[in-house]
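Student: with the sequence up front, the predicted model follows.
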Amino acid sequence: MKALFVNPSGEIYGSEQSMLALLQGAAFTSVVACPGSGTLAQQLRRDGISQRDVDFGGPPFRRNPLWHLSLFRRLILLLRSETPDVVIINLDGNTPLVTLAALWRSIPLARFCRFEFAPPARWIDRWCWRHVDAVICPSIAVREQLRQWLPLGANTPVHQIYDSCVDPLATAADITEFRSRFNLTGKAVVGCVGRLHPDKRVETVIRAHSQIQKHIPDAHLLVIGGAGSPHEARYEAELRALSNELNIGTSVTFTGRLPRTQLPAAYGAMDVCALASATESFGMVLTEAWRQGVPTVASDIGGCREISLASGGGLLAPVDDDTAFASQASRLLLDRSAAS
């Protein structure tokens, strides 16, 4: 079988990590259509996975319909030359054109529902969802959100919970080196990993850290991610300002975005990993932390609740409740067995 994956983003975030984990060692032939510049295309080439350069970052249709017609033609030619058995939309972006191209060529279409599902407002988005042959959801929570809107008689979603964490275990030497590099030796470390985006609610963890320090003075907060875009830079500046306002700036380290190869050691250097997001369909950061034996505190929502309760690998706290996050993180810092 040959599958054509469509991924409009050229960078590697959670959705792209999941796709790469799926494609590595897959028992089918795969081709990925994505922008040719960026970390995703570079990684695909390193992994020996076929990549086709497609630019999805155009203007709105009403501003430049010719650009969209050109993209549609590019997609039709791509499907004609690659002749895939299935088209898989890994991440949304120009989804109506991808859907129409697959229908035009009579190729089955599958779609990942990567994020928490909300009923679409636009007619074109409703049309797209009703013209897929299968939907893959990262958690039972997302599957049920989708099923409440999409009648089973139309297109039955396919459900699969996957553990996309394939990182190697960090060695003791790697962890020691990482702690030394960021001046974490001898400290109780709480870490955050991911895109710096307001939905991740990193400010909740910063406020929680200010409370943790009152009874665990050597506690340190490690914020990993950011600097990938102007939006992330602005959010990071806000988070730094909040840390200084709470007089904990010296105990908060912003590492910026780290290479993927350094993440196992980064997780291993943590005593607790926190994920305070307002929305998460799965919570890959949690599985990555558990892979390194690190307990977690996560928002009591969707996929985070589901996989935390199923695994016993961490504790939960209400969204935006910094006092609850501080209490749960302190509990784990003082007793790691509390997660199980």
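Tutor: Good, I have the coordinates. Residues are numbered from 1 along each chain as shown.
Student: from now on I want contacts and neighbour counts done on CA atoms only, so please keep to that.
Tutor: Noted.
Student: look at Ala208 and give its secondary structure.
Tutor: At Ala208 the chain is in helix, as set by DSSP: H, G, I helix; E, B strand; the rest coil.
Student: let me see the contact set for it.
Tutor: For Ala208, the contact set (Cα atoms under 8 Å, 6 or more residues apart in numbering) comprises Asp322, Thr323, Ala324, Phe325, Ala326.
Student: which of those sits closest to Val32?
Tutor: Phe325 (39.3 Å; Cα to Cα).
Student: separate out the buried members of the contacts of Ala208.
Tutor: Applying a neighbour-count criterion of 16 or more other Cα atoms under 10 Å, the buried members of the contacts of Ala208 are Asp322, Thr323, Ala324, Phe325, Ala326.
Student: could the residues you listed go into a markdown table alongside pLDDT and secondary structure?
Tutor: Below are the buried ones among the contacts of Ala208 laid out as a markdown table (pLDDT from 0 to 100; DSSP: H, G, I helix; E, B strand; the rest coil):
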| residue | pLDDT | secondary structure |
| --- | --- | --- |
| Asp322 | 97 | helix |
| Thr323 | 98 | helix |
| Ala324 | 98 | helix |
| Phe325 | 98 | helix |
| Ala326 | 98 | helix |
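Student: can you lay out these as a markdown table showing distance to Arg105?
Tutor: Converted to a markdown table, the buried ones among the contacts of Ala208 look like this (distance: Cα to Cα, whole Å):
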| residue | distance to Arg105 |
| --- | --- |
| Asp322 | 51 |
| Thr323 | 55 |
| Ala324 | 53 |
| Phe325 | 51 |
| Ala326 | 54 |
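Student: helices and strands around the longest helix seen in the chain, which ones?
Tutor: Longest among the helix segments of the chain by residue count, using DSSP state H, is helix 65-82. When contacts are defined as 3 or more Cα pairs under 8 Å, 6 or more residues apart in numbering; DSSP states H and E, helix 65-82 packs onto helix 95-104.
Student: who are the packing partners of the helix it packs on?
Tutor: Under the contact criterion of 3+ Cα pairs under 8 Å, 6+ apart, helix 95-104 touches helix 65-82, strand 86-89, strand 109-112, helix 123-129.
Student: contacting residues around the third one?
Tutor: In other words, strand 109-112. Residues from elsewhere that reach strand 109-112 (Cα under 8 Å, 6+ apart): 86-91, 99, 102-103, 132-137.
Student: could you rerun that using 7 Å?
Tutor: With Cα atoms under 7 Å, 6 or more residues apart in numbering as the test, strand 109-112 has contacts from 86-91, 102, 132-137.
Student: between those residues, which is nearest Glu11?
Tutor: Glu11 has its nearest neighbour among those in Leu91, at 11.8 Å by Cα to Cα.
Student: and that closest one, what pLDDT?
Tutor: Model confidence at Leu91, given as pLDDT, is 92.
Student: got a markdown table for the contacts of strand 109-112, with neighbour count and distance to Ser229 too?
Tutor: Output for these, formatted as a markdown table (neighbours: other Cα atoms under 10 Å; distance: Cα to Cα, whole Å):
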| residue | neighbour count | distance to Ser229 |
| --- | --- | --- |
| Val86 | 20 | 33 |
| Val87 | 25 | 30 |
| Ile88 | 25 | 27 |
| Ile89 | 25 | 24 |
| Asn90 | 23 | 22 |
| Leu91 | 20 | 19 |
| Ala102 | 22 | 32 |
| Val132 | 22 | 33 |
| Asp133 | 17 | 35 |
| Ala134 | 19 | 33 |
| Val135 | 22 | 30 |
| Ile136 | 20 | 29 |
| Cys137 | 27 | 28 |
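Student: among those residues, which one lies nearest to Glu203?
Tutor: The closest of the contacts of strand 109-112, once distances to Glu203 are taken by Cα to Cα, is Leu91, at 27.2 Å.
Student: how about that closest one, secondary structure?
Tutor: coil.
Student: just the buried residues of stretch 288-298, please?
Tutor: Quick answer for stretch 288-298 (16+ other Cα under 10 Å): Glu288, Ala289, Trp290, Arg291, Gln292, Gly293, Val294, Pro295, Thr296, Val297, Ala298.
Student: and the third one, what does it touch?
Tutor: With contacts taken as Cα under 7 Å, 6+ apart, Trp290 has the following neighbours: Gly313.
Student: so where does it fall, helix or strand?
Tutor: helix 284-291 (DSSP states H and E).
Student: what mean pLDDT does that helix have?
Tutor: On average, helix 284-291 scores 92.
Student: hang on, the earlier thing: buried sites along the longest helix of the chain?
Tutor: His68, Leu71, Phe72, Leu75, Ile76, Leu78, Leu79.
Student: picking up where we left off before, and of the contacts of strand 109-112, the nearest to Met19?
Tutor: Asn90 (7.2 Å).
Student: which residues touch the closest one?
Tutor: By Cα under 7 Å, 6+ apart, the residues touching Asn90 are Phe5, Val6, Asn7, Arg111, Phe112.
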